[in-house]
Each structure stands twice: as C-alpha cells, then as structure tokens.
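here are the coordinates; sequence isn't available:
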Ligand code: ADP
Ligand code: ADP
Ligand code: ZN
Ligand code: ZN
C-alpha cells in the first residue's frame with residue numbers, strides 16, 4: 001500500500017520533449033514533495049531521465065546562477081537534450097560510486113564525523129597532567145601536526161627479513177642465495193664486488209659468519225671498488241697479488257637497501273612488483289599502527305585514545321558517547337556556572353569551525369590550552385559535541401550501518417553502503433526544498449532493513465524535500481507516492497513513459513514489465529532443489545566478523561548465502577571461500593587482473609585481513625574457482641566492454657583483413673586506441689581531453705582533433721561492411737549483434753552479453769562508466785562465452801543488485817544453466833525471490849558486525865523458511881508461497 005497520508009499529490013515538475021540517450025521525446029509530470037520512484041528494466045532509460053535530464057538540468061541552472069562565466073563550462077559538460085523543464089527545485093544527487101575510491105577517505109571523513117571527534121578530543125579529552133591541550137588537527141594522521149613522526153602517518157613500516165631475501169640458505173651467493181638481488185648483469189656485478197671486498201661467494205649462505213651475512217644484507221654503506229670479473233675469492237686474491245688489471249669498478253649496495261630503494265623509486269611496474277615480494281609490512285613500532293604522534297595518543301576519552309575510539313562499531317560508539325553526555329549533563333546541572341560554560345563552549349565551537357574552514361589554528365583562543373580535566377568547560381564541551389555526535393550517528397545506525405567504524409576505509413565499502421552513508425549524512429544536513437535524486441538506495445539491504453530506509457526517505461520528505469529514486473525493490477515501489485515506469489524494453493526498445501501516476505494505477509497497464517512484480521503474476525517458477533553431487537566443507541573459517549564458522553556447500557548445485565547487511569556474507573563468500581579453495585586447489589583464483597596489469601600502482605597498503613580455515617570433502621568435481629565480483633573491469637577509460645570480452649581483437653582483425661587495409665599495410669594494431677599508430681595523437685586515443693578550471697572541478701571535453709572518435713582520420717577511412725572502427729565502438733551490443741551476423745567468434749561474445757541483459761551497452765562504453773552490477777555482468781558474460789567444462793565453482797556477490805526483477809530472473813536462469821552443465825554456483829543474495837530458487841541456503845546473522853558472523857539457518861529454501869530462525873525466514877517463506 002502507498003504511504004500517502006497526505007492530501008492528493010499535485011503534479012508539479014513538468015518535463016517536455018526529453019530526448020537524452022534513448023528517451024523518445026517524452027513528456028512527463030511528477031509531483032513535488034513526494035517519493036517518486038522510477039522503474040523499468042536495465043537500459044530502459046531511468047537514469048537518463050532521473051540523472052541525465054532532471055538532475056543535469058537542475059545542476060546546469062545552479063551553475064548558471066552562481067557563475068555567469070560558467071556558460072562555456074556548461075556547454076562542455078553537456079546540456080541535457082530536453083525542450084523544457086519547469087517546477088524543478090535545486091537537486092542533490094547521490095549516485096552509487098563508479099570506479100575507484102581513495103584509500104585515504106574513510107567512514108569518518110566522508111560523514112565528517114571524524115572532525116567532530118577530533119574537536120571532542122581536543123577540547124574534552126582527558127590529558128596527562130603535564131601535557132598542554134592540543135588542537136583538533138593534532139588528532140588527524142593526515143596532517144603534519146598530527147602524523148606519527150616515525151611512519152609519517154602511514155601506520156606501517158616496510159621491512160625486509162633474511163628469511164624473505166634468502167629463501168634457501170643452502171645456496172651460495174654465486175648460486176643466487178640472495179633472491180632479492182637484481183638478476184642478470186647487475187646481480188653478477190654485485191657478486192663480483194663482494195669478492196673484491198673479500199667475501200667468499202662460493203660457500204653456502206648458512207655457513208657464512210653472521211657478521212658477514214648481516215653486513216651483506218643490511219649495510220647502508222656503498223663502497224666503490226675495482227673488480228675482477230667472475231672469479232672466486234682465491235682467484236681474485238691471486239689476481240690482485242699478480243697485479244692483474246681490474247675489469248671495471250663497481251658499487252656495492254646492500255640487499256635491504258636495494259629492495260627499499262627500488263620499491264620507492266622505480267618507475268617500472270614489474271620491477272616494483274618483483275621487489276615487493278621481499279617486503280613485509282609491519283606495524284610502526286612507535287604508534288603501533290595508530291598513525292598518530294605520541295602526544296595525540298596520550299589523550300583519552302572514556303579511557304580510549306582517538307584511534308581506538310575510531311575502531312569501535314558506530315552503534316557501540318554512539319552508546320559510549322551517549323553515556324558520557326548523560327554524565328556530563330548531570331555533573332553540569334550541579335554547578336552554578338553551567339549556563340556560562342555552555343555559552344563559552346558554543347563560542348569555541350564557532351572559532352573551531354572557522355579554523356576547520358581554513359583559518360589559522362592559532363586563532364583558537366590560547367586559553368583553551370590549559371583547561372583542566374573535569375572542569376566545567378570540559379563538561380560543557382562533552383555535552384555539546386557529544387550530543388551532536390550522537391545525533392548524527394542515529395540515522396547511520398538506523399540505516400543498518402552500525403557495524404561500520406569511523407576508521408573503515410572507503411575502498412572496503414560496497415557501493416550500497418557508501419550511498420546509505422551519504423544519505424544518512426544528508427539527513428542531518430537540514431536542507432529543505434531540494435530534490436534528492438537517488439540510485440537504488442536499497443542496494444545491499446536485507447528486506448528486514450528496507451523499512452528503516454523507507455523511514456529515512458519519509459523523514460526527508462516530511463522536511464519538505466522531494467525524492468526521485470531509481471529503484472528495483474518492489475517494497476520501495478509499493479511505498480511510493482508516484483511511480484514512473486519507463487520502457488517497455490531496453491535501448492531503442494525503451495525510452496517511453498509506460499506509466500506515470502500513483503502506484504496503484506500501474507495494475508491496469510498491461511504493457512508494463514514491472515506490473516507483474518508489484519501486483520503478482522510474474523516471477524521465477526517454483527522448483528525442486530537438486531540433489532547435490534557431493535559436499536564440500538569449509539571449516540573453522542575466521543575472517544572479519546566470522547569466528548570459527550563451518551559450513552557445507554553442495555557441489556553441482558546453486559547455493560544462496562543471505563543475511564542482514566554486515567552479517568558476514570561477503571567475508572564468507574567473496575573473501576574466504578575463493579582464497580581457501582584456491583589454496584587447496586593449488587592455484588590462485590582467476591580474478592580480474594586487468595587492473596593489476598594496467599597500473600604500476602602497487603597497493604602494499606592493502607594489508608590482507610587475517611584469514612583462517614580449511615577445506616574438507618570431495619573436491620574431485622571442482623578444478624577451477626572463478627570469482628565474479630563487482631570490482632570495476634578496469635580503472636581507465638581505455639578498457640571497455642569490447643576489449644574486456646576479447647571481441648575487439650576479432651573486430652580489429654576483420655578491419656586489417658580488408659583489401660584497403662592490406663594495401664596500406666595496416667595491421668590489427670592500427671585499429672587499437674591503446675597503442676600508438678592509428679589512434680588520435682592529440683588525446684592518445686581517449687577521445688576526450690581534460691580542461692582544468694580554476695576553482696571548479698576539471699571537466700573532460702571532446703577531443704578537438706578526432707571529435708571523440710579516438711582515431712586518426714586515415715584509420716577511419718578503412719571500412720568493414722560500410723562502417724569504420726569508431727562507428728563500431730559506438731554501436732550498442734544489440735546493434736552489433738545484427739551487424740556482425742554470421743561472424744561466429746564475435747557473435748559468441750555479443751550473444752553472451754545480451755543473455756546477461758547488457759544488450760543496451762555501447763561496445764566502446766568505458767569501463768569507468770559501468771556500475772558495479774554492470775561490471776559484474778560483463779565478467780559473467782565473458783565466462784558464459786567460454787565453452788563450459790562443468791568443473792568450475794563460481795562465486796558471485798549480489799549478482800542481482802542494480803537489476804530489475806525481470807533482468808534478475810534472466811540472470812538466475814543463466815546461473816541455473818551453468819549448474820545444469822555441472823558447475824557449482826555460490827552467490828550472496830538478498831532478493832528472497834532468487835534465494836527461493838536456490839538448491840541450498842545459508843542464512844548468516846543474527847545481526848551485523850560482532851552481532852553476526854554465525855550461521856543461523858541452513859538447508860533447502862523450504863527448510864530455512866520453516867526453521868523460524870534468522871532474519872530471512874519470514875521473507876523466504878513469503879517468496880516460496
Ligand atoms: P537505466 O537507468 O534504465 O538502466 P540508462 O538511462 O542508463 O538506463 O540507459 C538508457 C539507454 O541510454 C541505454 O540504451 C544506454 O546504452 C544509453 N546510454 C546510457 N548512457 C549513455 C551515454 N553516456 N551515452 C550514450 N548512450 C547512453
Ligand atoms: P555483508 O556482506 O553480510 O554485508 P561483510 O562480510 O561485508 O557483511 O562484513 C561483515 C563484517 O566484517 C562487518 O562488521 C564489516 O564491517 C567487517 N568487514 C568487512 N570487510 C572488511 C574489511 N575489508 N576490513 C575490515 N572490516 C571488514
Ligand atoms: Zn607510526
Ligand atoms: Zn582525439
């Protein structure tokens with residue numbers, strides 16, 4: 001039922017003639033101050049309407065109003081293709097992040113809660129007797145003032161050990177005992193220098209005196225000496241005695257120093273990776289990984305230093321601060337100067353805010369630096385800052401994110417978690433009269449938590465805001481005041497308004513694909529669970545919040561792992577399972593190493609989390625583990641659907657085989673935009689160039705030379721079936737499917753892409769523009785196009801997130817065919833319709849974070865539904881009906 005407690009909603013925002021992307025010149029009227037949900041299958045045009053048209057236009061007007069000179073900028077950023085939009089309030093968009101995220105940002109920084117916490121420590125922390133008070137920025141490891149001087153705020157120091165550098169001490173130096181030394185010529189030179197320095201390189205490493213071993217490995221001295229090439233120590237001595245002319249002079253460098261210097265300075269990605277294997281990261285001995293200077297760590301709040309406090313789950317943090325606020329308020333009530341102290345605290349908050357906004361720290365009143373512990377001033381600061389913190393933590397916890405901590409870095413968050421964090425942060429920003437444009441805010445939420453999300457959306461609406469939400473959750477659709485159904489199909493077969501009105505009215509619209517899911521009638525057929533071919537056991541798994549978890553997984557079957565957000569699904573399925581199984585099978589998991597191959601950026605800082613556990617049972621049916629995750633398929637616009645699936649190789653070969661290309665001597669490489677030759681030299685094949693703008697974010701603009709085609713005009717003169725290579729990249733998968741009819745190797749990839757519901761993607765769509773769900777389906781398609789051997793275990797993390805129910809159903813049908821072919825599928829899944837279609841279900845919980853991490857129910861869907869245990873049972877029961 002709809003939530004409308006309000007008076008009949010009036011259509012307020014009017015759109016006329018929208019033609020962005022596939023939108024077919026549509027007119028639309030939607031209400032303000034209401035929850036408007038945009039639905040439709042993937043590629044139907046929901047985002048083109050909500051983000052590409054409504055939000056883009058609102059942003060364009062905003063830019064225009066604040067900066068008249070921004071005209072040029074707006075033209076570059078693109079004006080939505082629409083005749084007119086009236087009645088549109090200013091808009092705030094919260095999109096699921098695409099592409100990479102900075103490891104420097106954390107839950108604390110994106111919610112700005114960390115700056116409040118730092119103020120709390122600065123002003124209300126408990127200081128050692130002899131220590132003056134610190135400024136808020138002294139509690140940040142990202143500032144020079146706050147960072148630990150030993151590790152410069154990194155928290156780790158990189159070291160090398162004898163064990164890693166000399167893996168086999170029975171070898172001699174000549175036999176390359178020091179594995180970390182360079183190979184080839186430079187390695188020989190270092191050996192010869194050692195001989196010249198009087199070391200014996202022909203005895204086993206372990207027989208060298210410790211003193212010599214230590215010097216060779218750890219010295220920072222770099223002696224430069226004359227060298228006789230390739231001699232033993234005895235021969236060299238004889239040569240010197242005989243006055244033989246030295247071959248050359250060489251510099252010695254210790255093994256440790258070689259590794260550290262190379263790691264720090266090399267520009268070569270492969271060199272860096274080679275030496276990195278000898279490095280171990282250890283917690284910094286000065287700050288023990290806490291990244292802060294000792295003075296900052298000596299200040300405590302409720303007995304915790306700021307690093308420990310930032311590691312607490314937010315739910316626990318909130319309770320702890322709440323209790324401190326209560327106590328402080330109680331103590332204050334007993335004092336005469338309480339009111340005065342609160343006023344003073346407010347004044348200092350204001351000063352601090354000016355400092356945060358870029359003012360000088362020393363503007364903060366110097367008297368602050370000597371406020372005694374337990375003083376009225378401190379109590380007042382706790383009361384004010386603490387209450388503010390608790391207030392701002394509440395919506396985050398309500399959205400089911402209480403298991404996160406302030407210190408959790410953003411690359412380890414899912415897109416859904418990140419969006420909900422931003423949403424919760426908006427809630428306390430007290431804006432009103434704006435439109436929030438949201439992209440599937442229910443992603444990653446268990447049905448049990450969706451009601452909390454709806455409460456948050458209602459709260460924003462009550463405050464006088466409008467909500468335009470692109471959604472696939474039927475629960476959110478049912479809660480909407482107004483539904484806009486776009487479609488009926490994807491790409492050219494979509495882009496029309498199928499329905500726009502109160503949700504109930506959709507029931508009468510036969511053309512709508514969405515209708516059958518909201519009102520019943522559509523869905524996956526009920527099926528009888530398969531008999532597994534065998535069972536595999538994961539035992540005593542420890543990872544994140546999983547502590548000694550053991551599970552059984554059926555081979556040759558489809559397993560769904562479910563549970564509330566933060567219960568440990570990803571830790572189990574995406575992290576522990578592939579790692580443990582890969583280890584047992586004796587080979588690494590086949591994942592996406594395109595990213596690693598592309599960048600020379602080596603993330604040693606991504607210290608692997610602790611992992612424990614074993615794999616038991618009959619593994620004869622499993623030869624390969626393939627993890628199909630939502631990580632981007634590439635981090636640069638140079639990788640796209642065509643290159644990732646491999647179909648572009650075939651396309652380039654077709655072009656090179658044309659008579660004209662042969663006559664000109666063009667090889668397949670000529671048609672690549674990733675290597676020099678045929679690509680546009682101005683933009684180096686990117687199709688766009690970046691324009692830096694003062695005070696504004698830089699924008700990409702179409703390359704003036706190739707006009708976005710990425711190629712030189714000479715390359716574009718070559719045609720295959722009447723089209724040039726740039727025109728091929730501009731085709732959607734579906735268009736290409738018609739165009740390449742009869743070309744088996746190309747069609748195989750295209751068919752697989754259409755099968756996973758990606759027919760609407762353009763072949764050249766940059767990897768960076770794909771959502772996590774789309775990237776995952778590109779990987780799935782790449783797998784599906786391979787010939788099936790029936791011995792693979794597929795691991796998927798929320799494969800249906802971002803998908804319309806109709807698209808999920810298609811995807812599930814494909815997973816079932818993989819299983820029919822003898823493969824095993826294990827998927828994290830929150831849509832109970834899909835869970836109901838599995839052969840085996842594992843429900844994790846009961847709660848999130850430390851309150852989760854155990855198996856609360858497992859068995860066939862029917863068994864889990866009737867178990868009465870766990871958050872999923874009631875929803876699963878409903879789905880099985
Ligand atoms: P939805 O949000 O319903 O999944 P989109 O609005 O993202 O659909 O896409 C609708 C159509 O517009 C698709 O055919 C898609 O390929 C196309 N499209 C999306 N983004 C672009 C773009 N940047 N340039 C050209 N076409 C696009
Ligand atoms: P789910 O997939 O069920 O949402 P996760 O497996 O992502 O749950 O998380 C389970 C617990 O492990 C949570 O407390 C979460 O904060 C923690 N966790 C998950 N990934 C990481 C990580 N990379 N670093 C630290 N903690 C993590
Ligand atoms: Zn340190
Ligand atoms: Zn160009």
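Received it, and whenever you're ready, just let me know what you need. Keep in mind it's a predicted model, so treat the numbers as computed, not measured. Ligands and ions are numbered 1, 2, ... in the order given.

what does this structure put close to ligand 3?
For the chain, the contact set with ligand 3 under CB under 5 Å from the ion comprises 148, 150-151, 284, 286-287. Backbone N, C-alpha and C define where each C-beta goes, glycine included.

near ligand 2, which residues of the stretch 651-800 of the chain show up?
By CB under 6 Å from any ligand atom, no residue of the stretch 651-800 of the chain approaches ligand 2.

Which residue ranges of the stretch 651-800 of the chain form strands?
Taking DSSP state E, counting those that start in this stretch, the strands of the stretch 651-800 of the chain run over residues 688-693, 696-702, 792-797.

gap between stretch 780-794 and the chain center?
Stretch 780-794 sits 25 Å away from the centroid of its parent chain (CA atoms, centre = their mean, to the nearest Å).

for the protein, what are the low-confidence residue spans?
Applying pLDDT under 70 to the chain picks out residues 1-11, 66-78, 96-103, 336, 338, 349-371, 587-609, 691-700.

Could you list the domains of it?
As assigned by automatic domain parsing, the chain contains the domains 11-99+409-518, 107-154+299-401, 158-283, 534-623+789-880, 641-769.

Around ligand 2, pick out the residues from this structure.
With the criterion set to CB under 6 Å from any ligand atom, the chain comes near ligand 2 through 403-404, 412, 544-545, 563, 565-571, 609, 849.

Going through the residues you listed, which ones are buried?
Among the residues of the chain next to ligand 2, those scoring as buried are 403-404, 412, 544-545, 563, 565-571, 849 (criterion: 16 or more other CB atoms under 10 Å).

filter those down to the ones near ligand 1?
Among these, not one lies near ligand 1 by CB under 6 Å from any ligand atom.

now these as a markdown table including secondary structure?
Below are these laid out as a markdown table (DSSP: H, G, I helix; E, B strand; the rest coil):
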| residue | secondary structure |
| --- | --- |
| 403 | coil |
| 404 | coil |
| 412 | helix |
| 544 | coil |
| 545 | coil |
| 563 | strand |
| 565 | coil |
| 566 | coil |
| 567 | coil |
| 568 | coil |
| 569 | helix |
| 570 | helix |
| 571 | helix |
| 849 | helix |
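
Now the two most distant members of those residues.
Pairwise distances across those peak at 18.2 Å for 412 and 563 (criterion: CB to CB).

still on that earlier bit, looking at the buried ones among the residues of the chain next to ligand 2, which one is closest to ligand 1?
residue 565 (23.4 Å; CB to the nearest ligand atom).

ok, now which ones touch the nearest residue to that closest one once chain neighbours are set aside?
Using CB to CB, 6 or more residues apart in numbering and skipping the chain neighbours, the partner closest in space to residue 565 is residue 400 (4.9 Å). Residues near residue 400 by CB atoms under 8 Å, 6 or more residues apart in numbering: 420, 445-446, 449, 452, 564-566, 848.

and the residue of the stretch 51-200 of the chain nearest ligand 1?
For the stretch 51-200 of the chain, the residue closest to ligand 1 is residue 52, as judged by CB to the nearest ligand atom, at 6.3 Å.

my read: that residue touches residue 79, true?
No: if you go by CB atoms under 8 Å, residue 52 and residue 79 don't touch, sitting 11.0 Å apart.

the more surrounded of these two?
Set residue 52 next to residue 79 and count neighbours by other CB atoms under 10 Å: residue 52 wins out with 20 against 12.

ok now do the residue of the stretch 751-881 of the chain found nearest ligand 4, which residues does it touch?
Using CB to the ion, the single residue of the stretch 751-881 of the chain nearest to ligand 4 is residue 764, 13.5 Å away. Neighbour list for residue 764: 640-642, 710, 729-730 [criterion: CB under 8 Å, 6+ apart].

Residue 130 now?
Counted by CB under 8 Å, 6+ apart, residue 130 has zero contacts.

where along the stretch 51-200 of the chain do the strands fall?
Counting by DSSP E, counting those that start in this stretch, one finds strands in the stretch 51-200 of the chain at the ranges 82-86, 91-94, 156-160.

who touches the shortest one?
Meaning strand 91-94. Residues from elsewhere that reach strand 91-94, judged by CB under 8 Å, 6+ apart: 51, 54-55, 58-59, 419, 422-423, 426, 431, 434-439, 441, 468.

go with 10 Å
If you take CB atoms under 10 Å, 6 or more residues apart in numbering as the criterion, strand 91-94 is touched by 50-51, 54-59, 61-62, 418-423, 425-426, 429, 431, 434-439, 441, 465-466, 468-469.

How about it and ligand 1, any contact?
No: between strand 91-94 and ligand 1, judged by CB under 6 Å from any ligand atom, nothing touches; the nearest distance is 13.4 Å.

ok so, going back, who touches both of residue 52 and residue 79?
By CB under 10 Å, 6+ apart, the residues touching both residue 52 and residue 79 are residue 20.

Pop out the phi and psi values for the residue nearest the centre of the chain.
Centroid check for the chain by CA atoms, centre = their mean gives residue 411 as the closest residue, at 4.6 Å. Main-chain torsions, residue 411, degrees, to the nearest 10: phi -60, psi -20.

Which of the contacts of strand 91-94 fall in helices?
56-59, 61-62, 418-423, 425-426 (DSSP state H).

Highest neighbour count among these?
When neighbours are counted by other CB under 10 Å, residue 420 leads those with 30 neighbours.

any idea how far it lies from residue 867?
Separation of residue 420 from residue 867 (CB to CB, to the nearest Å): 29 Å.

Residue 519 now?
Residue 519 sits 30 Å away from residue 867, taking CB to CB as the criterion.

same deal with residue 553?
Distance, residue 553 to residue 867, by CB to CB: 18 Å.

Neighbour count: the two, which is higher?
Taking other CB under 10 Å, residue 553 and residue 867 do not tie; residue 553 has more neighbours (25 against 18).

angle of the strand or helix carrying that one against strand 792-797?
Residue 553 is part of strand 546-555, with elements assigned from DSSP states H and E. For strand 546-555 against strand 792-797, the angle by axes from the mean of the first three to the mean of the last three CA atoms, to 10 degrees is 130 degrees.

Which parts of the stretch 51-200 of the chain are helices?
Counting by DSSP state H, counting those that start in this stretch, the stretch 51-200 of the chain has these helices, from start to end: 56-66, 71-77, 107-110, 113-124, 162-165, 184-196.

Just give me the neighbour total for residue 615.
Residue 615, neighbours per other CB under 10 Å, totals 20.

So it, which state does it fall into?
Assignment for residue 615 (three-state DSSP): strand.

got a list of what the residue nearest to it when sequence neighbours are not counted touches?
Once flanking residues are discounted, residue 615 sits nearest to residue 584: 4.3 Å by CB to CB, 6+ apart. Residues in contact with residue 584, defined by CB under 10 Å, 6+ apart, are 536, 538, 614-616, 619, 622, 625.

Name the nearest of the residues you listed relative to ligand 4.
Once CB to the ion is applied, the member of those that ends up nearest ligand 4 is residue 625, at 40.9 Å.

what residue of this protein is the furthest out?
Residue farthest from the centre of the chain, counting by CA atoms, centre = their mean, is residue 242 at 66.2 Å.

Relative to residue 235, how far out is that one?
Per CB to CB, residue 242 is found 10 Å from residue 235.

Next: residue 675.
Distance, residue 675 to residue 235, using CB to CB: 49 Å.

Just give me how far stretch 523-534 sits from the chain centre.
With CA atoms, centre = their mean, you get 33 Å for stretch 523-534.

Please identify the buried residues of that stretch?
Of all the residues in stretch 523-534, those buried under the rule 16+ other CB under 10 Å are 523-524, 529-530, 532, 534.

Shouldn't the residue nearest to residue 565 be within a helix?
Yes: with three-state DSSP as the criterion, residue 400 is part of a helix.

any idea how far residue 456 is from it?
For residue 400, the distance to residue 456 - CB to CB - is 10 Å.

Tell me how many other residues surround residue 433.
Neighbour number of residue 433 under other CB under 10 Å is 12.
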